[in-house]
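Asker: Predicted model and sequence below, questions to follow.
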Amino acid sequence: MTWVTEFVGILVVVGALVLLGLGKIDFQQSISLMMLGAGIIGGKQLGHFDMKLTRRYADLYMMRKFRRYLTALAVTKNSVSLYVAPEYLESGKVADIVKVAEELFPGKIVEVKRGERVRAV
Amino acid sequence: MSGSGQYEVREGDIIAPQGANWEGSLGYLVRPGLAVTNKHVVPDVGTVVLHKRRQWGEGVVIGLAIKTVTWVKTSFWHWLLHVMFGKPLPGNKVDATLVALKENVVVKPAFDLPRKIVEPRVGDKLYKRGRTTGETVGEIIADKVDIWVDMGNGVTLLFTDVYQFSNKTLPGDSGGPNYTPEGIVGITFAGPQTGDYGFGIKAKNIAEVFGLE
């Protein structure tokens, strides 16, 4: 299944060339089809790049995305600790946050801890 | 004041910017004549730094702020990458200002421990000295933490790659030095209302940002 998107993209490009060769479509139509094929492949690659970036900066991503709920986030070799603001500790939002953390930190144990608002001292 | 006109201070002593209505702590000596503290204690370059000022009274001038960090702001390019590819907007790594000390100022170490810069490690003993809580001994709880910090005046900033320790931490401790038995790990900068624990800025990141390596 991994290469299905690429296969479809290549099929569209090759199809466009074949149809052009057979004289079934004109040059402009073939270019449009080839661009569609390239777009399908490029779109998937951009998606990969997006995920790579998100994982690379997973801690910052989590802290910004769940700014209202997370007061802190600690990463160790084996675990990720999510410090949730006390007022949200019992809310259903915690399950969503844990789900995202498990996706972004594969292989690490995700722990939920009671957070506190922190100030500069 | 000691003999021969020298003025003795100690890492973790009370300091305050001239004209300000707050106090903090002196950090560690980066190199002879140059000490570090927090930017939120001494915010601007050119600020005169006073020692042992109490209750907004007179203090002794010990130095001048010569370098400080700029809070990370999100630029057009940050936003573009954020919108297009989901790259997260950046956070702050360092809350620090360098203070050039007067020639007659001699800084004594806060603790009799090695003076090399080391990375904090979970479980290490942490020695901390600051204006309010004095000398405390605790433990490093986490060594890679991201945290939202209320800086006052309605400003909340995201800090990244800081460490957490179990030592009691109260307002005024900011800027004070943190040591482990192996050496200097950083300076105190934040804590919760309860004061039950605190957070520190890594000395390694301070050195990197100010090009001190």
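Answerer: Looks like it came in fine. Numbers count the residues shown, from 1 in each chain, chains lettered A, B, ... in the order given.
Asker: Hmm, B:Phe165 is touching B:Ile141, no?
Answerer: Yes: between B:Phe165 and B:Ile141 a contact is recorded at 6.2 Å, counting by CB atoms under 8 Å. For every residue, glycine as well, the C-beta is placed using N, CA and C.
Asker: Common neighbours of the two, please.
Answerer: Both B:Phe165 and B:Ile141 are in contact with B:Tyr197, where contact means CB atoms under 8 Å, 6 or more residues apart in numbering or on different chains.
Asker: who has more neighbours, the two?
Answerer: Applying other CB atoms under 10 Å in any protein chain shown to B:Phe165 and B:Ile141 shows that B:Phe165 carries more neighbours, namely 29 against 20.
Asker: Check residue 116 and give its pLDDT.
Answerer: Chain wasn't specified; assuming chain A. pLDDT, A:Glu116: 93.
Asker: my question was about chain B
Answerer: Note on B:Lys116: pLDDT of 96.
Asker: quick one: buried residues of the host helix or strand of B:Trp148?
Answerer: For B:Trp148, the host element (DSSP states H and E) is strand B:134-152. Judged by neighbour count using 16 or more other CB atoms under 10 Å in any protein chain shown, the buried positions of strand B:134-152 are B:136, B:138, B:140-149, B:151.
Asker: Same check on stretch A:67-74?
Answerer: Result for stretch A:67-74 [16+ other CB under 10 Å]: buried residues A:69-74.
Asker: ok, now stretch A:108-121?
Answerer: Neighbour counts over stretch A:108-121 (16+ other CB under 10 Å) mark A:108, A:110, A:112, A:115-116, A:118-121 as buried.
Asker: any idea how far the residue nearest the centre of chain A lies from chain B?
Answerer: Most central residue of chain A, judged by C-alpha distance to the mean C-alpha position with CA atoms, centre = their mean, is A:Met51 at 3.6 Å. From A:Met51 over to chain B the distance is 8 Å, taken as CB to the nearest CB, to the nearest Å.
Asker: Ramachandran angles for that residue?
Answerer: When read as degrees, to the nearest 10, the backbone of A:Met51 gives phi -70, psi -40.
Asker: Over to B:Pro43?
Answerer: phi -80, psi -30.
Asker: same deal with A:Gly39?
Answerer: Main-chain dihedrals, A:Gly39, degrees, to the nearest 10: phi -60, psi -40.
Asker: if I look at it, how far off is A:Arg119?
Answerer: A:Gly39 sits 49 Å away from A:Arg119, taking CB to CB, to the nearest Å as the criterion.
Asker: Equivalent analysis for B:Gln6, please.
Answerer: Here the criterion is CB to CB. By it, B:Gln6 lies 37 Å from A:Arg119.
Asker: Could you do B:Lys67 as well?
Answerer: For B:Lys67 relative to A:Arg119 (CB to CB), the value is 25 Å.
Asker: How about B:Thr136?
Answerer: Here B:Thr136 is placed at a distance of 19 Å from A:Arg119 (CB to CB).
Asker: what residue ranges in chain B are flagged as low confidence?
Answerer: Applying pLDDT under 70 to chain B flags the ranges B:1-4, B:53-57, B:86, B:213.
Asker: So which residue is dead centre in it?
Answerer: Chain B, centroid-nearest residue using CA atoms, centre = their mean: B:Gly175 at 3.1 Å.
Asker: Once you drop chain neighbours, what's closest to that one?
Answerer: Of all residues not flanking B:Gly175 in the chain, B:Thr37 sits nearest, at 3.5 Å (CB to CB, 6 or more residues apart in numbering or on different chains).
Asker: Ok, B:Leu64 next?
Answerer: Spatial nearest neighbour of B:Leu64, chain neighbours left out: B:Ala100 (5.4 Å); criterion: CB to CB, 6+ apart.
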